[in-house]
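Peer 1: Dropping a prediction and its sequence here:
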Amino acid sequence: MSTIPRRYADDIYDDLWLPEETLEVRARVRNFAEQQVRPVAHELNNTPESLEAFPRKLVTEMAEAGLFRIPFPAEYGGAGLQYPTLATMVMLEEISYLSSGLSASMIDVQLILFGHTLKHASAEIREQLFPAMMAGDVVGSFATSEPAASTDLSVRALQTEARRVEGGYELSGQKRWITNSPVADYMFVLSKLEDSMTMLLVNLQSEGVQVGEPDKKMGNHCQLTADVVFDKVFVPETHLVGREGQGLKAALTSLTLGRVGIGACGVGMAQAAFDYAVDYMKEREVFGKPLASMQHWQYRFADYATRLESARNLYVKAALAEDKQRPSVQQQCAMAKLVGSSLAGDLARDAIQVCGGYGFVKELAHTGKQYPLEAIYRDSKIGEIYEGANEVQQLIIARQVFGR
Ligand SMILES: Cc1cc2nc3c(=O)[nH]c(=O)nc-3n(C[C@H](O)[C@H](O)[C@H](O)COP(=O)(O)OP(=O)(O)OC[C@H]3O[C@@H](n4cnc5c(N)ncnc54)[C@H](O)[C@@H]3O)c2cc1C
């Protein structure tokens, strides 16, 4: 069996309604991923979390290849695409095909949660941080979650608090699970200000900021997360994002886009598991015939091919809804996340099942050969939890059906 599986999506799925500019992005990102990510993908997906394991070289290479410019308008130094959200989601799918940890940290968080929120910062901050971020010189993070609050982002639940002081704010509290925080330079922090929520941009070098060691997680190992404690941290008033009291709105706008991203990540992971398993089924013989000739597996994978087509179409449509500012964007994004993330877990589980021991193994000691499905299965689970658990996506869709 060849090490690089065939790309079955190229035969089964037709990128029929993608504009030329998005097709170009897909080809360019896939080429980058094959050249630069594939050689280190196993290491990225299997090395336990540590500061040293953060792929700085790859981040620089992504920046040099212009990937960090894809989501942004020309006025910020971005690629100025007509459909930037669509191109970003396609990029997420292509990178997640090889490493969902990398795409979650450097695209979904760095470019969508951090980059999109940056658009709401003051002109001075935008001029300073957009070029640095696109050059890969600044790593960003985005903090809403706390030890006792994440799904419930209400003033009642939130503990991180800002108070007005001369020239700005004083911030105290604790955030948890914050992607990129161990290696980040800046963080958007959702904080309580009196009885409303406000978003502040914190320079992580500020006095009073303490970032913990990276958490040890089930998957997405190169997506480093940690607790961050703020002890009377001074935040200048120029670092207020938007207006006081508008913090939740800023957070939810970015999170809505991030959700489509998680759907696209799911499609990338699911397609990788599909391609690997189908190649395997064609070669592996049991009882004198290939696994691929068994109707049980043919039907199951026909269903998966159909679900992949649906999940990909959903994220494409949700991204277009955002780019075209359609009123349906909330529920489109919720559907794309729900379907893409659950598909990745389902497909990875069955791909492992049909590949048997070769699905379950990470590295075979006798040959030294490395296998990808075990990591995809581990990495897929978090997609159903973060950026709004899938039950919350169901809630968003249900509200459209039944009203509030
Ligand atoms: C790897 C990783 C990276 C992360 N990165 C970030 C980051 O960069 N920034 C950040 O702010 N946060 C981040 N998070 C936090 C993440 O968004 C939260 O873990 C997620 O929102 C779930 O919140 P929670 O863990 O507090 O669970 P809870 O809010 O306690 O929810 C637990 C479970 O309850 C169920 N549930 C909740 N509400 C409902 C409901 N209304 N109806 C039915 N069931 C419900 C869901 O099944 C949910 O999974 C990250 C987490 C992880 C693990």
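Peer 2: That came in fine, so what should we check first? Residues are numbered from 1 along each chain as shown.
Peer 1: what's the closest residue to residue 143 other than its chain neighbours in contact with, if anything?
Peer 2: Excluding its sequence neighbours, the residue lying closest to residue 143 (C-beta to C-beta, 6 or more residues apart in numbering) is residue 175, at 4.0 Å. C-beta: built from backbone N, CA, C; applies to glycine. Shown in contact with residue 175 (C-beta atoms under 8 Å, 6 or more residues apart in numbering): 143-146, 160, 181, 187, 189, 227-228, 230.
Peer 1: What are the boundaries of the strands in the stretch 251-400 of the chain?
Peer 2: 285-286, 289-290 (DSSP state E, counting those that start in this stretch).
Peer 1: Dump the ones you listed to CSV, plus mean neighbour count.
Peer 2: Written out in CSV, the entries for the strands of the stretch 251-400 of the chain read as follows (neighbours: other C-beta atoms under 10 Å):
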stretch, mean neighbour count
strand 285-286, 10
strand 289-290, 12
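Peer 1: CSV please, covering those strands and showing distance to residue 127 and mean pLDDT.
Peer 2: Rendered in CSV, the data for the strands of the stretch 251-400 of the chain read as follows (distance: least, C-beta to C-beta, whole Å; pLDDT from 0 to 100):
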stretch, distance to residue 127, mean pLDDT
strand 285-286, 62, 96
strand 289-290, 59, 98
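Peer 1: could I get the ones you listed as CSV with distance to residue 166?
Peer 2: As requested, the strands of the stretch 251-400 of the chain are exported to CSV (distance: least, C-beta to C-beta, whole Å):
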stretch, distance to residue 166
strand 285-286, 75
strand 289-290, 74
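Peer 1: out of those strands, which comes closest to residue 357?
Peer 2: Distance to residue 357, taken as C-beta to C-beta, is lowest for strand 285-286 among the strands of the stretch 251-400 of the chain, at 12.7 Å.
Peer 1: Direction included, what does that closest one pair against?
Peer 2: Under the criterion DSSP bridges, strand 285-286 sits next to strand 289-290 (antiparallel) in its sheet.
Peer 1: remind me, longest helix of this protein?
Peer 2: Scanning the chain for the helix with the most residues, using DSSP state H, yields helix 247-283.
Peer 1: in that helix, what counts as buried?
Peer 2: For helix 247-283, a neighbour-count test (16 or more other C-beta atoms under 10 Å) marks 247-248, 250-251, 253-281 as buried.
Peer 1: Provide the secondary structure category for the residue in the stretch 201-350 of the chain positioned nearest to the ligand.
Peer 2: Nearest to the ligand, among the residues of the stretch 201-350 of the chain, is residue 225, at 4.7 Å (C-beta to the nearest ligand atom). Classification of residue 225 using DSSP: H, G, I helix; E, B strand; the rest coil returns coil.
Peer 1: residues near it, how many?
Peer 2: Burial of residue 225 is recorded as 25 neighbouring residues (other C-beta atoms under 10 Å).
Peer 1: what's near enough to touch it?
Peer 2: Going by C-beta under 8 Å, 6+ apart, the list of residues near residue 225 reads 177-179, 181-182, 214-215, 217.
Peer 1: ok, of the residues you listed, which one's closest to residue 116?
Peer 2: residue 179 (14.4 Å).
Peer 1: Any idea how many residues pack against residue 186?
Peer 2: Neighbour tally, residue 186, other C-beta under 10 Å: 25.
Peer 1: which element is residue 230 on?
Peer 2: strand 228-236 (DSSP states H and E).
Peer 1: ditto for residue 32
Peer 2: Secondary-structure assignment from DSSP H and E places residue 32 in helix 20-32.
Peer 1: Which strands and helices lie in contact with that helix?
Peer 2: In this structure, helix 20-32 packs against helix 84-96, with contacts taken as 3 or more C-beta pairs under 8 Å, 6 or more residues apart in numbering; DSSP states H and E.
Peer 1: following the helix it packs on, which helix or strand comes up?
Peer 2: Note on helix 84-96: by DSSP H and E, the next helix or strand toward the C-terminus is helix 100-103.
Peer 1: so after that following helix, what's the next helix or strand?
Peer 2: For helix 100-103, the following helix or strand on the C-terminal side (DSSP H and E) is helix 115-118.
Peer 1: how about that next one, does it reach the ligand?
Peer 2: No. Under the criterion of C-beta under 6 Å from any ligand atom, helix 115-118 makes no contact with the ligand; the nearest approach is 11.4 Å.
Peer 1: CA atoms of that helix as CSV?
Peer 2: Coordinates of the C-alpha atoms in helix 115-118 are reproduced here as CSV (Å, rounded to 0.1, in the frame of the first residue of the first chain):
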residue,chain,number,x,y,z
GLY,A,115,-7.7,37.9,13.4
HIS,A,116,-11.4,38.5,13.0
THR,A,117,-11.7,40.2,16.4
LEU,A,118,-8.7,42.4,15.6
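Peer 1: which ones are touching residue 111?
Peer 2: Counting by C-beta under 8 Å, 6+ apart, residue 111 touches 68, 70-71, 88.
Peer 1: can you pick the most crowded of those?
Peer 2: If you count neighbours using other C-beta under 10 Å, the busiest of these is residue 88, which has 29 neighbours.
Peer 1: Skipping its backbone neighbours, what lies nearest it in space?
Peer 2: In space, and not counting its chain neighbours, residue 88 is closest to residue 71: 4.3 Å by C-beta to C-beta, 6+ apart.
Peer 1: one step back: and the strand holding residue 230, what's buried?
Peer 2: Neighbour-count burial for strand 228-236, counted by 16+ other C-beta under 10 Å, picks out 228, 230, 233-235.
Peer 1: on that earlier part again, the residue nearest to residue 143 and the ligand, how far apart?
Peer 2: Using C-beta to the nearest ligand atom, to the nearest Å, we find residue 175 at a distance of 7 Å from the ligand.
Peer 1: what sits opposite that residue in the beta ladder?
Peer 2: Beta-bridge pairing of residue 175 under DSSP bridges involves residue 228.
Peer 1: Adjust the sequence numbering to begin at 780 for everything that follows.
Peer 2: Right, with 780 as the first residue, what we last looked at is residue 954.
Peer 1: And it, what's its pLDDT?
Peer 2: Residue 954 is assigned a pLDDT of 98 by the prediction.
Peer 1: still on that earlier bit, closest one of the contacts of residue 954 to residue 782?
Peer 2: Proximity of these to residue 782 (C-beta to C-beta) peaks at residue 960, which lies at 34.9 Å.
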